[in-house]
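**Q** predicted model, plus sequence, below.
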Amino acid sequence: MRECGRAIVLIGFMGSGKSAVGRALAARLRLRRIDTDELVRGKLGLPISQIFERLGEERFRETETEVLHGLSPDDPAIVITGGGIILRAENVQLLQRVGTIVCLIADQETLFERVGRSTSRPLLQTPNPLGTLRQLYAVREPLYRAAADLEIDTSGFSVDEVTELVVEKLAPQDARSM
Ligand code: S3P
């Protein structure tokens, strides 16, 4: 296990459960919750869909990286990230510095059931959202795997079950009292 900061960082595709599991983990471990999408929204003063529509994806990605520069390795927080955070190598390095990276995994059908009809995911507002999801997944899957210290399959598990799995799997590697 590499030396890293005190945070637990959740990465994974849209719909993998990062937000729900992150909330539950923060409550379970009594840690602060930091959500990079919320920080980006706060910095730009717009909802994510509006950021993509009015300012463009590139501006969203730049702001995402800026937000990561503000995270501290000394802060034992739960960091929830947006699904595209692994697209920039710089982001992965910044996240590896702040904490242990846990990747939440789900099969593509499960992901589509969870987010396929969501109107708050700008990247899936296409004529064929399942096809788009599959294309994005193919590009991103190796990036999630390369970035993660730990992978947890969430398909068929409840939020509470996944939360417990994360706690169990991190416990031996982690001096935090759980
Ligand atoms: C994105 C995922 C979203 C959000 C933005 C871009 C992506 O977050 O950051 O819409 O590129 O996969 P969630 O993973 O929480 O849906």
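**A** All right, it came through fine.
**Q** burial of Arg6, as a residue count?
**A** 17 (other CB atoms under 10 Å). C-betas here are computed from N, CA, C, even on glycine.
**Q** can you tell me which residues contact the closest residue to it other than its chain neighbours?
**A** Closest residue to Arg6 apart from its sequence neighbours, by CB to CB, 6 or more residues apart in numbering: Pro76 at 4.0 Å. Contacts for Pro76 (CB atoms under 8 Å, 6 or more residues apart in numbering) come out as Arg6, Ala7, Leu31, Arg32, Arg176.
**Q** for Leu111, same thing?
**A** Contacts of Leu111 (CB under 8 Å, 6+ apart): Phe13, Met14, Gly15, Ser16, Leu133, Tyr137.
**Q** quick revisit: relative to Thr100, how far out is the residue nearest to Arg6?
**A** 11 Å (CB to CB, to the nearest Å).
**Q** so what secondary structure elements neighbour the helix or strand harbouring Ala138?
**A** According to DSSP states H and E, Ala138 maps onto helix 129-147. Judged by 3 or more CB pairs under 8 Å, 6 or more residues apart in numbering; DSSP states H and E, the packing partners of helix 129-147 are helix 89-98, strand 99-105, helix 108-115.
**Q** extract the CA atoms of it and return them as PDB.
**A** Provided in PDB are the C-alpha atoms of helix 129-147 (Å, rounded to 0.1, in the frame of the first residue of the first chain):
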ATOM      1  CA  PRO A 129     -28.000   7.100 -23.800                       C
ATOM      2  CA  LEU A 130     -27.300   3.400 -23.400                       C
ATOM      3  CA  GLY A 131     -24.900   3.500 -26.400                       C
ATOM      4  CA  THR A 132     -23.300   6.600 -24.900                       C
ATOM      5  CA  LEU A 133     -22.900   4.900 -21.500                       C
ATOM      6  CA  ARG A 134     -21.300   1.900 -23.100                       C
ATOM      7  CA  GLN A 135     -18.800   4.100 -25.000                       C
ATOM      8  CA  LEU A 136     -17.900   6.200 -22.000                       C
ATOM      9  CA  TYR A 137     -17.600   3.000 -19.900                       C
ATOM     10  CA  ALA A 138     -15.200   1.400 -22.300                       C
ATOM     11  CA  VAL A 139     -12.900   4.400 -22.300                       C
ATOM     12  CA  ARG A 140     -13.100   4.900 -18.500                       C
ATOM     13  CA  GLU A 141     -13.000   1.400 -17.000                       C
ATOM     14  CA  PRO A 142      -9.300   0.900 -17.400                       C
ATOM     15  CA  LEU A 143      -8.700   4.400 -15.900                       C
ATOM     16  CA  TYR A 144     -10.800   3.600 -12.800                       C
ATOM     17  CA  ARG A 145      -9.000   0.300 -12.300                       C
ATOM     18  CA  ALA A 146      -5.500   1.900 -12.700                       C
ATOM     19  CA  ALA A 147      -6.300   4.700 -10.200                       C
END
